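# After the sequence you'll find the predicted model.
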Amino acid sequence: MQDPNADTEWNDILRRKGILPPKETPQEDEEEEEQLLHQQLSVVKTYESMTLEELEENEDEFNDEDELAMEMYRQKRLAEWKANQIKNVFGEVTEISAQDYVQEVNKAGDGIWVVLHLYKQGIPLCSLINQHLSELARKFPQTKFLKSISNTCIPNYPDRNLPTLFVYYEGEMKAQFIGPLVFGGMNLKCDELEWRLSESGAVKTELEENPRKQIQDQLMTSIRCSEPKHRDSDEDSDED
């Protein structure tokens, strides 16, 4: 009887036709493969926990395959690091002058959103918005938040237009919010400003709906509940 595991050309043909089952892997080969896999996983685990500097220091300890895997992993870590650096490059509201405008706004860079607040000291709503922007700058460090005293940035800029927010993307203006009425006055909440900026694209909010809408809905409900019931009064007078 012919051994189905024998290394013969006929048996190879029968295996390709599906007549014979695949050749059994000797137990020793399985153990070697398992040991090799364990070694590879061990190497990966070793350099996954390393910093870029540690990877460079231990380059000589890897063979050719390990060095290839290590280089791929290094590039991955480097890309993640660069993305993280870009993402967290800001984080605060920076004061600029007219001389800084072109560099900080028009040449902000690819993929960069800029929020510029034109303000004036002594205007309460401007101070409130600066407070909100400081909080939003920490929350959204990938967006560049700037502020500038209005008439130093734009000569003769009218006070009636303050506060003013300009939103730019890659140096091009995408939105503008001008004057106290746009912001709703001193009742402006930080999450309401966050929502307005998210509508322009400057920040990616996790808010599901406009917070101002909730306040408006509550106000309308309150008004409806307080309205006099004229219909009932009219019916009573008719009966009399």
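Perfect, thanks for sending it.
# Do a quick rundown of the strands in this structure.
93-95, 113-119, 144-149, 164-169, 172-178 (DSSP state E).
# closest one to Met186 among those strands?
Met186 lies closest to strand 113-119 among the strands of the chain, at 14.4 Å (Cβ to Cβ). Just so you know, the C-beta spots here come from the backbone N, C-alpha and C atoms, and that holds for glycine as well.
# helices and strands around that closest one, which ones?
Contacts defined by 3 or more Cβ pairs under 8 Å, 6 or more residues apart in numbering; DSSP states H and E place strand 113-119 against helix 124-139, strand 144-149, helix 150-153, strand 164-169.
# closest one to Arg212 among these?
If you check each of the helices and strands packed on strand 113-119 against Arg212 by Cβ to Cβ, helix 124-139 wins as the nearest, at 13.8 Å.
# Tell me the pLDDT of Arg231.
pLDDT for Arg231: 50.
# again with Cys153
91.
# That one: neighbouring residues, count only.
Residue neighbour count, defined by other Cβ atoms under 10 Å, stands at 22 for Cys153.
# show me what contacts it?
Cys153 sits next to 96-98, 101, 118 when contact means Cβ atoms under 8 Å, 6 or more residues apart in numbering.
# Selection in ChimeraX covering whichever of the residues you listed are buried, please.
To isolate the buried subset of the contacts of Cys153 in ChimeraX, counting by 16 or more other Cβ atoms under 10 Å, use the following:
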select :96,101,118
